[in-house]
Structures are given as C-alpha cells and as structure tokens.
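Engineer: Requesting a structural model of the entry that follows:
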Amino acid sequence: MESRALEYFREVASRGSFTKAAAALRIAQPAVSRAVRQLEEELGVTLLIRDKRQIRLTKAGEKLYEHAVEMHRLLVKAKNDVVNMQDLTQGEVEIGLPSMAGSYYFPDQIMRFLEAYPGLTVSIYEAGTSVIEEAVISGEIELGTIVTEEGRKSSSLLSIHPFLTVQMVAVVPLDHPFASRTSVSHEELAEEPLILFKEGYYQRKVVDQISEKAGSPVHLAFETNQISMAKSLTQRGLGITIFLEMVIQDDEKLAGIPLDPPISLTLALAHRRKNHCLPPTKLFYSFCLAEPHIKIPRL
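Structural biologist: This is a model prediction of the structure:
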C-alpha cells in the first residue's frame, strides 16, 4: 500500500469530493480517482460509495480513513520534528479557524507572528467550529478555534482555553426597518428571509435554536459560507443575516442590531489533552498567550 495513494484517499474522504481533493493536492482528478481505485483493488474492498451528489465512506472506508488520518499526522510530525531539531527558522503552524473569527480576529495575530518569525508559515484549516473540534480530536490538526457553550460538556480528549467572548447581532441593510432599532427579538428574526452559512457552522446552530424557541421554521433565502457574499446579498435587500459584531463594526453599508435576549459566544483555543504539540504550534500558541487581551494557560 503506497503512502501517496493513502494520502489521496484521505483527501477524498475528508472533502467528500474527488474534484475538491484533486484541487487541494494540485494534481489532475483522474490521477486521484485512479489511485483510489487501485487502492480498492489492492485491498479487495470498496472504500467509497460514489453518488452523483456526494462521496460516502463504506465501513471499510471508515476504518481505513481512521488509519490514514493517523498516518498523515505522524508523517507531518516526523517532517516537522526533523526540521525543528535545528531551530525554529522553518516549519508550519496549522490552525483551524471558523470564517468569522478567521477573517476578522486572527489576521492581526498571524501578521505579527509571521513578522516575528519570518521563516515559519501558517496554514489555515477553515471550517465550522464543530468540524474543527472533530479535526482536533481526530488528530487531523493540532490546534483549533472552537465555541464553548454554557452547560455543554466538552470532549475529555481536549484541553480548551477560552480567550474571547463576543456578541452576535442581526445584520441588515441601512434601509431595513430594523436598522433604526436598538434590538431585534428572536421571534422577529425568525420571520425574516435569512442568509446563512451551511450546516456545521455555529451561526447556523444559533438560528436553529432561535427557530425552535420561536416555534416557526427558518425562511432560508440563501446559503453561503462566504462572508463577502453574505454581506453583498444583505446589502441588496435579499435577506438578513447574523454575524459576530466584529464582522460589521467598520461596515458603512450594513447595520448591526443586538438581539433580544442577547446571544454571545465564547471562542476558545483547543488542542488534544495528551498530545505534545509540534514546536511551531507551541510557538504560535505562546505568541497568542503573550497578547495582552488573550489570557490562556501554557501548553
């Protein structure tokens, strides 16, 4: 079994698409398909159920995927360990970031980190917080930003360090009736056409909870994971959305109105409790620790 074929399979399984896997690997799609097919022939089992809409894992595929993720983690660790035996002038930090925090909170921290350590690089694993949490638990990434919730017990496998509490606001165009309001009720929000992220993002979970409490289904106008697209659609009056307050605080074309009752979320850095992070990850974590507004314990 070739490690390259296993890596191709891992990418297809994690992304649910041969096309997306090929793009991530920067190779032609037929090469990915051929490698996975040869892997199935070698093992004598079907690993993937190939539907037109999505790729699904068989039981055998699920088991192999677990091993593929672990092998990928070990290979990355081996490479980084060898590189970092000398010093920290080379290496990569991979951190899981949800789109809103990744776009509007972490860029300044990442910029200052790279200015301080120009030989290092930062790779961003962008996904919803629930997906990021699973990726940290599985070992696919070492460090991720997740959402902590009051009353929700986090995985015992994770060490979780809250660093920021932020408010969510209803986001509307300036000519919307809500724009002049001091607050918007959950019931009023549920009655509006909404522009939302796809499933797996915390924003979507918040709206589902609002809908359940209001006793009415959500009117989903558009679904997109692109903040810029959601903003553009909202500006044009095609619906409204909810964002972290930081996302629109400098936007002159949109208004952010607090929800009533307020909805806040706490962002946290998470890593596996018993795993030793690689040196570049430790360095990035410590760098965040040194930021005056982030108070988290040492790794």
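Engineer: Secondary structure element for residue 257, which one?
Structural biologist: Assigned by DSSP states H and E, residue 257 belongs to strand 254-272.
Engineer: what about that strand, average pLDDT?
Structural biologist: Across strand 254-272, pLDDT averages out at 92.
Engineer: Which positions within that strand qualify as buried?
Structural biologist: By 16 or more other C-beta atoms under 10 Å, the buried positions in strand 254-272 come out as 254-260, 263, 265, 267-272. All C-beta spots, glycine's among them, are computed from the backbone N, C-alpha and C.
Engineer: a strand runs through residue 171, doesn't it?
Structural biologist: Yes. Counting by DSSP: H, G, I helix; E, B strand; the rest coil, residue 171 is part of a strand.
Engineer: pretty sure it is touching residue 240, no?
Structural biologist: Yes. Between residue 171 and residue 240 there is a contact at 6.1 Å, judged by C-beta atoms under 8 Å.
Engineer: neighbour-wise, which of those two wins?
Structural biologist: Per other C-beta atoms under 10 Å, whichever of residue 171 and residue 240 has more neighbours is residue 171, with 27 against 24.
Engineer: residue contacts, the more buried one?
Structural biologist: 231, 234, 240, 241, 242, 243, 247, 248, 254, 255, 256 (C-beta atoms under 8 Å, 6 or more residues apart in numbering).
Engineer: Now for those residues: which two are most distant?
Structural biologist: For the contacts of residue 171, the farthest-apart pair by C-beta to C-beta is 240 and 247; their separation is 13.5 Å.
Engineer: Below-threshold pLDDT in the stretch 101-250 of the chain: ranges please.
Structural biologist: Along the stretch 101-250 of the chain, segments meeting pLDDT under 70 span 149-154.
Engineer: where along it do the strands fall?
Structural biologist: Along the stretch 101-250 of the chain, counting by DSSP state E, counting those that start in this stretch, strands occupy 120-126, 143-148, 158-173, 184-185, 193-196, 219-223, 241-244.
Engineer: do you know which of those lies nearest residue 50?
Structural biologist: Of all the strands of the stretch 101-250 of the chain, strand 219-223 comes closest under C-beta to C-beta, at 24.4 Å.
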